[in-house]
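Chemist: I'll drop the sequence and a predicted model, then ask my questions.
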Amino acid sequence: MSAGSRPLRVVVVGAGMVGVCTALWLQESGHEVTLIDRGAPGRATSYGNAGIFATYSCIPINSPRRFVDTPSMLFDAHGPLSIQWSYLPRFLPWALRFLAACRPGRVRATVRALGAILAHAEEGFRPLARRAGIDSLLGEAGALYVYESEESWRRDRGNRERRRANGVAFRELDASEVFELEPALANVVHRGIHFDDVYHLRNPHAVVDGLARAFVQWGGRLLHAEVKSIAGGIPGLLEVVSSGERLPADRVVVAAGAWSTRLLGPLAAGIPLDTERGYHVMFPEAASLLSRPVAPVDGGFFMTPMEGGLRAAGTVEFAGLDAPPRQARVEALTAAARRLLPDLGDPAESWLGFRPTLPDSLPAIGPLPSDPRILCAFGHQHLGMTLGGITGKLVAELVDGAPRPSVDLAPFRPDRFA
């Protein structure tokens, strides 16, 4: 319950993994919660991800060496990291901030901050999963990274050491041990590492939908409408203006992913949110080829067995929210997956999603400087599914006025870029 010992009216904008979990934790605290989204729960970015509950992922996904060592590949539509030429002028200010965050001291601070919040990811998600009855959607066979050469293994040594230093447990495997775990892999694997304690979501959309259904079942209000603005309304209250109605609120949580700063407009000045566009390709007959998620370290994607088949998901494209999908990215992802699993068959579905990303690879969690009654819960880049639960718990603690949240939120302050 809040510091004022009364339930508050809270509107959560965005019904992806982060928003739904936030609504549930606020509901758990006794608040009157409305969850609003223009689409169905879990149908945007939460729908098409790789489905990994990546508690090991304290290393920022976008390695600075991809920018510094191989700049030529940035404009290769088939590479794991690509920028559309037309987006370059808008992208450059963000890229300069990103490069500044790649200095060794900043990287170490990012790794520590990610490690700290990831250590609490389970306590943020598991209680919600149990209450919603969706434990059957969790696959618990671990996750596997594979290396295709000794050079790749050597180049990633620093990341393995950083993981160990942050308490991440994994086993180093030779090629024969990799093939013992996943015999369908092609004979291009040189080494591997296995994260025993990692699990994956067999159907990410069904997970978010199940959580949303539980929220409604326990008395929450789910509203399908597009938010037009957030502003002062009745004295002392905020007002969320949507395409359907005006909602008075004591607090508003913005968990709208890559659309969050666009929605906030001038209120979000100084928060440099951009989007990493990620693709997936679904192979409906190939789920049995793998027993766990597998990622080629240099490929920038995962292959995950799911309810609807085997999903190859990942890579990074910078082109903003409005550019159409690029077929070349789909073709490149399909070819990369077939290199490792030649028996994949034909894909039946491709998809484009938008990962909300800040230059230091950390989310924004906390009060908006321009109006502390508005709380930010966005910018989780590749970790929205993993950090959705703990983000929701932290937001609920902030709304309740907890003197010491479960995680030190200083590294995640929305105003850290000012």
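Modeler: Here it is on my side, so go on.
Chemist: Touching, Ala116 and Val407? I think so.
Modeler: Yes - between Ala116 and Val407 a contact is recorded at 5.8 Å, counting by Cβ atoms under 8 Å. The way it works is simple: take the backbone N, C-alpha and C, and place the C-beta from them, glycine included.
Chemist: And the strands in the stretch 1-150 of the chain?
Modeler: 9-13, 32-37, 52-53, 81-83, 138-139, 143-147 (DSSP state E, counting those that start in this stretch).
Chemist: May I have the strands that pair with the third one, each with its orientation?
Modeler: For strand 52-53, sheet partners with direction are given as strand 199-201 (antiparallel), following DSSP bridges.
Chemist: got the contact list for the strand it pairs with?
Modeler: With Cβ atoms under 8 Å, 6 or more residues apart in numbering as the test, strand 199-201 has contacts from 50-53, 137-143, 207, 292-293, 304, 306, 385.
Chemist: picking that back up, Ala116 and Val407: which is more packed in?
Modeler: Val407 (21 against 16; other Cβ atoms under 10 Å).
Chemist: Return the residues in contact with that one.
Modeler: Applying Cβ under 8 Å, 6+ apart, the residues contacting Val407 are 116-117, 120, 390, 394.
Chemist: I'd like the distance between it and Arg292.
Modeler: Per Cβ to Cβ, to the nearest Å, Val407 is found 28 Å from Arg292.
Chemist: Then Val18?
Modeler: Applying Cβ to Cβ, the value for Val18 to Arg292 is 25 Å.
Chemist: the more surrounded of those two?
Modeler: Shown here are Val18 and Arg292; by other Cβ under 10 Å, Val18 has more neighbours (35 against 21).
Chemist: picking up where we left off before, select from the strands of the stretch 1-150 of the chain the stretch with the lowest mean pLDDT.
Modeler: Set side by side, the strands of the stretch 1-150 of the chain give their lowest mean pLDDT on strand 81-83, at a mean of 83.
Chemist: quick one: least confident helix or strand in the chain?
Modeler: helix 64-68 (a mean of 55; mean pLDDT, DSSP states H and E).
Chemist: Neighbours of the spatially closest residue to Glu28 that is not a sequence neighbour, how many?
Modeler: Spatial nearest neighbour of Glu28, excluding adjacent residues (Cβ to Cβ, 6 or more residues apart in numbering): Ala396 at 6.9 Å. For Ala396, the neighbour count with other Cβ under 10 Å is 28.
Chemist: With Glu285 instead?
Modeler: Glu285, neighbours per other Cβ under 10 Å, totals 13.
Chemist: what does Leu267 give?
Modeler: Applying other Cβ under 10 Å, we find 17 residues neighbouring Leu267.
Chemist: Surely it is in a helix?
Modeler: Yes - judged by DSSP: H, G, I helix; E, B strand; the rest coil, Leu267 forms part of a helix.
Chemist: distance of the residue nearest to it when sequence neighbours are not counted from Ala269?
Modeler: Leaving aside its sequence neighbours, Leu267 sits nearest to Ser370 (Cβ to Cβ, 6+ apart; 5.0 Å). Per Cβ to Cβ, Ser370 is found 7 Å from Ala269.
Chemist: Would you mark the buried spots in stretch 29-41?
Modeler: Judged by neighbour count (16 or more other Cβ atoms under 10 Å), stretch 29-41 contains these buried residues: 29, 31-38, 41.
Chemist: same check, this time on stretch 170-187
Modeler: 170, 173, 175, 178-179, 181-182, 184-185.
Chemist: what distance separates the start and the end of stretch 121-140?
Modeler: Chord length of stretch 121-140, first to last residue, is 16 Å (Cα to Cα, to the nearest Å).
Chemist: Rebuild the buried residues of stretch 29-41 as JSON lines, extending it with distance to Pro347.
Modeler: Below are the buried residues of stretch 29-41 laid out as JSON lines (distance: Cβ to Cβ, whole Å):
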{"residue": "Ser29", "distance to Pro347": "43"}
{"residue": "His31", "distance to Pro347": "43"}
{"residue": "Glu32", "distance to Pro347": "45"}
{"residue": "Val33", "distance to Pro347": "39"}
{"residue": "Thr34", "distance to Pro347": "38"}
{"residue": "Leu35", "distance to Pro347": "33"}
{"residue": "Ile36", "distance to Pro347": "34"}
{"residue": "Asp37", "distance to Pro347": "28"}
{"residue": "Arg38", "distance to Pro347": "28"}
{"residue": "Pro41", "distance to Pro347": "26"}
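Chemist: if we take the residues you listed, which one ends up nearest to Asp196?
Modeler: Pro41 (31.2 Å; Cβ to Cβ).
Chemist: ok so, going back, contact partners for the residue nearest to Glu28?
Modeler: 22, 25-26, 28-29, 31.
Chemist: and the angle for the strand or helix carrying it with strand 9-13?
Modeler: Using DSSP states H and E, Ala396 maps to helix 384-399. Helix 384-399 and strand 9-13 are oriented at 160 degrees to each other (axes from the mean of the first three to the mean of the last three Cα atoms, to 10 degrees).
Chemist: among the buried residues of stretch 29-41, which two are most distant?
Modeler: The span of the buried residues of stretch 29-41, defined through Cβ to Cβ, is set by Ser29 and Arg38 at 26.1 Å.
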